[in-house]
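>>> Let me see the structure of the following:
(chains A and B)
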Protein chains: 2
Amino acid sequence: MKLSDLGEFGFIDRIARKYPTKNPSILKGIGDDSAVISLSKGLIVLLSTDQLIEGFHFNLEITDGWKLGWKSLAVNLSDIAAMGGVPIGFCLSLGIPSQRISIEFLDDFYKGITSLGERTGVELLGGDTSEGGERLTISVSVLGKASQGKVIYRQGGKDGDNLYVTGYLGDAALGLKLLKKGVYKKGMENIINRHLCPEPRTRTGQLLAERGIPNAMIDISDGLLADLNHLVNQSGVGAEVDLCLLPLSTEFRAWAAVYEPNPINLALRGGEDYELLFSASPEKSEEVDRLSKELSYPITYIGKLSRKIKGIVVKDEKRKIKEVQPLGFDHFRDG
Amino acid sequence: MKLSDLGEFGFIDRIARKYPTKNPSILKGIGDDSAVISLSKGLIVLLSTDQLIEGFHFNLEITDGWKLGWKSLAVNLSDIAAMGGVPIGFCLSLGIPSQRISIEFLDDFYKGITSLGERTGVELLGGDTSEGGERLTISVSVLGKASQGKVIYRQGGKDGDNLYVTGYLGDAALGLKLLKKGVYKKGMENIINRHLCPEPRTRTGQLLAERGIPNAMIDISDGLLADLNHLVNQSGVGAEVDLCLLPLSTEFRAWAAVYEPNPINLALRGGEDYELLFSASPEKSEEVDRLSKELSYPITYIGKLSRKIKGIVVKDEKRKIKEVQPLGFDHFRDG
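So this is what the prediction gives:
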């Protein structure tokens, strides 16, 4: 059998079913943004890992060492943020094509990764460095902590919950599209940097958890619909997303009007926004608004969870309800 | 500048100097077998990561999925053992050449890695799976714990300490040599498996730490001399190793006599034994002997630490003292 028959998520599901955790102090193994381990009374340890492989996750023709370093940590911090955790430090493994990658490039890489580290209070703990062959291979593991009872899982969504998303959708996917097209115009920097060096929602994830706002949370790495699909499946409810409410940045609207025939599709399915998607009981809506005003980006209501809905439906601009396929990026099918 | 000018350890030293940890709860960042973090009173968290890249760390012509899975976890558990820690779980990232690697191979891989997991009480916590291109790329991070005051570092070696090593030296390097030569004879299984699926000294590391025996400890992954060199450098002492005392297995002696012109060199410099090397005060020698009798493999006295010695010297079979270059495998120079 080939991996492409199962797909990335099919393969992961299969492994999770075959190897469920037995140790009662492991509160969550495979299946959420990070693993959750109860190590002593009141203290939760979080562990998350992500790898970036040249040519599949990044392309050195459109990024540089600094931005790649930043992004390698950002995608992992986003997983800790999605649990409501506080990141502490990270291990970094590099497989380096040493004939092609210079020390100067690597120095920039470390500058980028530690810049985001300093900004978020996260330090380099160790790692492994070796010859890598054809492709630069980056693997980061982030250690985080949380208080008992404050961890937010994907599975807690409830019938009637409001659905919210932080920041803006589609920017990263549009940024990548512009980079690939090779068009570069003044005013595109923000959109492009949303792809190259995304800002993980570390502090916002912590504030949401501290204030007990979300019932369920996930970060948007594979696209809104794909990640919402994980949340609704694990919560045992369905969701309705109002397309008119999707938060689109001013830059996104401006540049998508020129370069993207279907902006809403990009906002729904484009990956790598690294925003937080969460559901909260309607009585928390004032608290969400209050938090949103404390931030430099909005938290936007985009729909509802409902047990009457199977899967995900969208409400279009004519208020018509349509079923959608929650497809995002799958590494073994789309790669 | 090229990586080969600095070498793997030069590069890591450079990074460690540039990015020292500042958070006081991070007791050790780069520079030991694993990172050591104090998360709450009395509780220490350990985090270690290692990657294996096809063609550099393993070769699918001489191993199989099961053994590769086992080894991928073993090399990481060895790092936790070298701190005296208790491993809890691991995250696994795979970059998979999906056109060449079958689901059946991956199933075997997971069987191997979880077999060692079950044996050591370590569970799969999560990970990341994606298309990998030309080479199968494996990155494992292990989370462990320890009690405050019970963690053993590389840096604690003292003048006058006895030097000990668990198990046997050189087996893994000889096993690899036999595999590469393509000779296979009855009775070689143990030697070959010492390379393909080493047994991490998990329980022994914990017992040593619980009983407060070692002053300093490291696992032997790059060869006895190279790893001893880390221990003596970080401890600020020198070491004398008695070549007549190196523990060589019966199989090693038998097959090395036929296939290896310089067995002692293999025992000193051959990597991947994943044994524990530790120093302990002479008054602990009876406790070391007692522990050795509880195990299925010996713990052997091989020399002394001394502040009068600079670096490492060896005593040969004629009781002559010789200086040695503590060279082991360096990925950017020897790879």
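>>> Pull the residues that contact stretch A:169-181.
Residues outside stretch A:169-181 that contact it (Cβ atoms under 8 Å, 6 or more residues apart in numbering or on different chains): A:62, A:184, A:188, A:190-196, A:198, A:220, A:223-224, A:246-249, A:251-252, A:255-256, A:259-260, A:263, A:266-275. Any C-beta I mention is one placed from the backbone N, CA and C, and that applies to glycine too.
>>> got the CA positions of that stretch in PDB?
Output of stretch A:169-181 as PDB, limited to C-alpha atoms (Å, rounded to 0.1, in the frame of the first residue of the first chain):
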ATOM      1  CA  LEU A 169      -7.500  34.600   7.100                       C
ATOM      2  CA  GLY A 170      -5.900  33.900   3.800                       C
ATOM      3  CA  ASP A 171      -3.000  36.300   4.100                       C
ATOM      4  CA  ALA A 172      -0.300  33.600   4.200                       C
ATOM      5  CA  ALA A 173      -1.700  31.700   1.200                       C
ATOM      6  CA  LEU A 174      -2.000  34.900  -0.800                       C
ATOM      7  CA  GLY A 175       1.500  35.900   0.200                       C
ATOM      8  CA  LEU A 176       2.800  32.500  -1.000                       C
ATOM      9  CA  LYS A 177       0.900  32.900  -4.300                       C
ATOM     10  CA  LEU A 178       2.400  36.400  -4.900                       C
ATOM     11  CA  LEU A 179       5.900  35.000  -4.100                       C
ATOM     12  CA  LYS A 180       5.400  32.100  -6.500                       C
ATOM     13  CA  LYS A 181       4.200  34.400  -9.200                       C
END
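>>> in that stretch, what counts as buried?
For stretch A:169-181, burial by neighbour count (16 or more other Cβ atoms under 10 Å in any protein chain shown) applies to A:169, A:170, A:171, A:172, A:173, A:174, A:175, A:176, A:177, A:178, A:179.
>>> what number of residues lie near the residue nearest to the second one when sequence neighbours are not counted?
Among residues not flanking residue A:170 along the chain, residue A:267 sits closest, at 3.6 Å (Cβ to Cβ, 6 or more residues apart in numbering or on different chains). Residues near residue A:267, counting by other Cβ atoms under 10 Å in any protein chain shown, number 26.
>>> where does residue A:267 land in three-state SS?
Look at residue A:267: counting by DSSP: H, G, I helix; E, B strand; the rest coil, its state is helix.
>>> got a list of what it touches?
Applying Cβ under 8 Å, 6+ apart, one finds that residue A:267 lies in contact with A:169, A:170, A:224, A:246, A:248, A:252.
>>> Tell me the spacing between it and residue A:151.
Remark: distance between residue A:267 and residue A:151 (Cβ to Cβ, to the nearest Å) = 29 Å.
>>> In chain A, what residue spans correspond to helices?
Listed in chain order, the helices found in chain A under DSSP state H are A:3-18, A:65-81, A:103-120, A:171-181, A:189-196, A:202-210, A:224-235, A:250-259, A:263-269, A:285-294.
>>> residues touching the most far-flung residue of chain A relative to its centre, list them.
Computed with Cα atoms, centre = their mean, the maximum C-alpha offset from the centroid of chain A is found at residue A:99, amounting to 32.7 Å. In this structure, residue A:99 makes contact with residue B:2, judged by Cβ under 8 Å, 6+ apart.
>>> what pLDDT does the closest residue to residue A:188 other than its chain neighbours get?
Counting by Cβ to Cβ, 6+ apart, residue A:188 lies nearest to residue A:178, which is 5.9 Å off, once chain neighbours are set aside. Residue A:178 is assigned 95 on the pLDDT scale.
>>> Okay, now stretch A:165-175: how far is its last residue from its first?
19 Å (Cα to Cα, to the nearest Å).
>>> I'd like the distance from it to the chain centre, please.
Distance of stretch A:165-175 from the chain centroid (Cα atoms, centre = their mean, to the nearest Å) equals 11 Å.
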